[in-house]
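> Whatever this is, show me its structure:
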Amino acid sequence: MSLPVTDTSTSTADTRHVGTLIIGSGFAGLGAAIKLAQAGVSDYVVLERGNDVGGTWRDNSYPGAACDVPSHLYSYSFALNPEWTRSFSTQPEIYKYIQSVANRHKVLSKHVFGCDVLSARWDDETSKWHVSTNKGEFIAKIVVSAVGALCEPSLPDIKGIDGFEGEIFHSSRWNHDADLTGKRVAVIGTGASAIQIVPAIGKKVAHLDVYQRTAPWILPRADREYTKIEHLAFKYVPGFQKLCRTGIYWMRETQVVGLAKAPIFMKPLQFAAERHLKAQIKDKDLRKKVTPDFQIGCKRMLISNNYFPTLAQDNVDLVTEGIEEVTANGIVSKNGTTREIDAIVVATGFHVTDSPTFAGIFGKDGRSLAEVFDDGGMQGYKGAAVANFPNMFFLVGPNTGLGHSSMVFMIESQINYLVDAIATIDKYDIGTIEVRKDKQDKYNADLQAAMSSSVWSNGGCASWYMDKHGNNTTLWPGFTFQFRQATKHFDLAAYRSVATSDLRSSSIASARSDLDNTKVVAQ
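Next up, the predicted model:
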């Protein structure tokens with residue numbers, strides 16, 4: 001059941017009219033709602049398909065789920081949390097934090113939960129977005145897409161997988177009713193989720209097969225509980241927590257030099273990862289299997305202290321031959337070996353550059369976002385706007401991802417841009433606004449030029465950072481403070497805009513033309 005929407009929007013039958021419609025209420029959508037409210041904007045609604053705020057941190061409740069960015073940095077700058085229990089927070093703690101922020105800022109009344117957006121279409125005649133949902137129609141002047149990059153599970157295309165008769169589920173849709181204790185379990189994937197799941201279930205299952213396509217680089221996880229004195233300091237010493245956050249931020253920012261500028265500076269991190277691997281894996285054959293054949297940073301860097309020891313357990317096998325097919329009760333490897341299992345955990349990541357959500361958003365020429373991205377790649381302007389999609393803004397849009405620091409920092413930067421954009425639209429009574437294609441093209445050309453010297457382009461790997469055109473359309477190729485500066489103010493000059501009064505004049509002229517044509521036909 002959705003919460004009541006108490007705003008200034010108007011409704012006609014099953015259609016609601018609203019100034020700004022936000023889709024999604026994870027860190028991005030919730031943050032946008034809070035900042036719009038603080039800026040005095042009341043005419044907005046948040047549509048959330050889940051039954052609560054939280055997004056990724058609501059959905060990913062698998063055993064061992066935790067963040068790989070330090071707690072103090074992985075939080076809103078305007079809502080620091082002195083209650084963090086440890087240096088790297090677990091999923092339940094982050095989810096609880098997001099809920100507390102939503103409650104504290106009193107924005108839940110602006111949410112419609114259990115609301116699945118089916119499509120969003122731009123209507124040139126009304127210069128509005130027509131949004132269809134399972135809870136009725138919405139007509140909005142501005143739409144903000146805050147659906148996130150890690151929300152649509154990517155399922156493997158494996159022969160026979162639909163005929164498997166045991167328990168099977170994706171890591172982000174964990175079935176908590178399925179008891180894996182004493183079962184034979186297969187985990188497909190060795191990414192960020194898998195290296196947390198494997199240790200969490202490794203000791204309670206009878207046998208665990210871990211299917212690895214590419215070995216990841218894994219660094220030590222410098223995680224610990226905070227002491228009582230630290231807790232008191234976070235809570236009562238003015239500026240202490242902010243100082244800790246600042247220190248973490250700048251320490252993380254140093255990695256940009258090696259990731260985006262000169263990959264040779266990734267050598268110390270790779271050396272640390274190699275030492276970590278050798279210290280935890282004594283078996284030479286297993287060590288060879290888990291040693292990556294690409295430069296660290298090319299794919300997402302992972303952190304764990306217990307993944308390698310779990311792989312070394314007697315009841316765990318690392319399978320690297322690849323999967324030929326899935327049978328009713330087992331998995332057949334490409335070398336012909338069949339391993340019987342009772343359950344499969346699919347930890348194969350998400351649709352990022354090809355999200356299914358893109359197929360339901362239609363711009364002014366009738367093409368979907370999926371079609372636009374399919375033609376030229378996932379491109380945008382400052383990760384916030386896409387040509388051909390007027391009055392639409394994106395949070396966590398193209399090239400806003402990070403390989404080293406907190407996405408919340410990037411999200412807040414984009415929210416600054418969004419709030420200033422809406423203020424600009426209100427100030428100048430703008431009816432429609434759309435980023436200029438030449439500005440977008442120049443912006444993306446500069447991004448890809450900057451990317452050419454990065455480890456993502458030269459590290460010898462294939463990753464989900466890249467789209468089918470061979471461009472890295474996921475990550476930001478620079479320092480995050482540069483992105484913060486670039487999005488500090490809305491740059492109206494980069495957009496084509498039409499005043500509301502001109503839209504009205506155009507609408508009246510169109511109506512008169514239609515009337516004249518009708519008279520001609522009647523004669």
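> Find the helix or strand that the residue nearest the centre of the chain is a member of.
For the chain, the residue lying nearest the average C-alpha position, counting by CA atoms, centre = their mean, turns out to be Ala149 (2.8 Å). According to DSSP states H and E, Ala149 maps onto no helix or strand at all.
> before we move on, what about Ile201?
In this structure, Ile201 sits in helix 194-202 according to DSSP H and E.
> can you list the residues that contact that helix?
62-66, 171, 180, 185, 187, 208, 210, 216, 218, 302, 304, 306-307, 309-311, 313, 315-316, 345, 347 (CB atoms under 8 Å, 6 or more residues apart in numbering). Every C-beta, even on glycine, is put in place using the N, C-alpha and C of the backbone.
> circling back: I'd guessed the residue nearest to the centre of the chain sits against Tyr465; true?
No - Ala149 is not in contact with Tyr465 according to CB atoms under 8 Å; the separation is 10.8 Å.
> Please report how far Gly239 lies from Arg287.
Spatial separation of Gly239 from Arg287 under the definition CB to CB, to the nearest Å is 46 Å.
> on that earlier part again, only the buried subset of the contacts of helix 194-202, as a ChimeraX command please.
When burial is assessed using 16 or more other CB atoms under 10 Å, the buried subset of those is captured in ChimeraX by this command:
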select :62,63,64,65,66,171,180,185,187,208,210,216,218,302,304,306,307,310,311,316,345,347
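> among the contacts of helix 194-202, which are in strands?
In this view, these that belong to strands under DSSP state E are Val185, Val187, Leu208, Val210, Ile218, Leu302, Val316, Val345.
> Identify, from those residues, the entry nearest to Glu93.
Here the nearest of those to Glu93, counting by CB to CB, is Leu302; it sits at 20.0 Å.
> who's that closest one bridged to?
In this structure, Leu302 has beta-bridge partners Ile218, where bridges are defined by DSSP bridges.
> quick one, what contacts it?
Applying CB under 8 Å, 6+ apart, the residues contacting Leu302 are Asp68, Gly191, Ala192, Ile195, Pro216, Trp217, Ile218, Leu219.
> what's the most distant pair in the residues you listed?
For the contacts of Leu302, the maximum inter-member distance is 14.6 Å, found between Gly191 and Leu219 (CB to CB).
> I'd like to know how many residues surround Ser172.
21 (other CB atoms under 10 Å).
> what does Tyr226 give?
Tyr226 is surrounded by 16 other residues when neighbours are defined as other CB under 10 Å.
> Surely it is in contact with Glu83?
No - distance between Tyr226 and Glu83: 9.7 Å, which falls outside the contact criterion (CB under 8 Å).
> pLDDT added to the contacts of Leu302, as TSV?
Listed next are these as TSV, based on pLDDT from 0 to 100:
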residue	pLDDT
Asp68	95
Gly191	94
Ala192	94
Ile195	97
Pro216	96
Trp217	97
Ile218	98
Leu219	98
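> List just the nearest of those to Val326.
Each of the contacts of Leu302 was scored against Val326 by CB to CB, and Gly191 proved nearest at 19.5 Å.
> thinking that closest one is in contact with Met301, fair?
No - taking contact to mean CB under 8 Å, the distance of 11.4 Å between Gly191 and Met301 leaves them out of contact.
> Overlap of the contact sets of those two?
Here Gly191 and Met301 share the contacting residues Pro216, scored by CB under 8 Å, 6+ apart.
> Next SSE downstream of the helix or strand that contains Asp438?
Asp438 is part of helix 437-451, with elements assigned from DSSP H and E. The element immediately downstream of helix 437-451 (helix or strand, assigned by DSSP H and E) is helix 455-458.
> The helix or strand just after that next one - contacts with which helices or strands?
Downstream of helix 455-458, the next assigned helix or strand under DSSP H and E is helix 480-486. Counting contacts by 3 or more CB pairs under 8 Å, 6 or more residues apart in numbering; DSSP states H and E, helix 480-486 is packed against helix 407-427.
> List the buried residues in the helix it packs on.
Of the residues in helix 407-427, those buried by neighbour count under the rule 16+ other CB under 10 Å are 407-422, 424-425.
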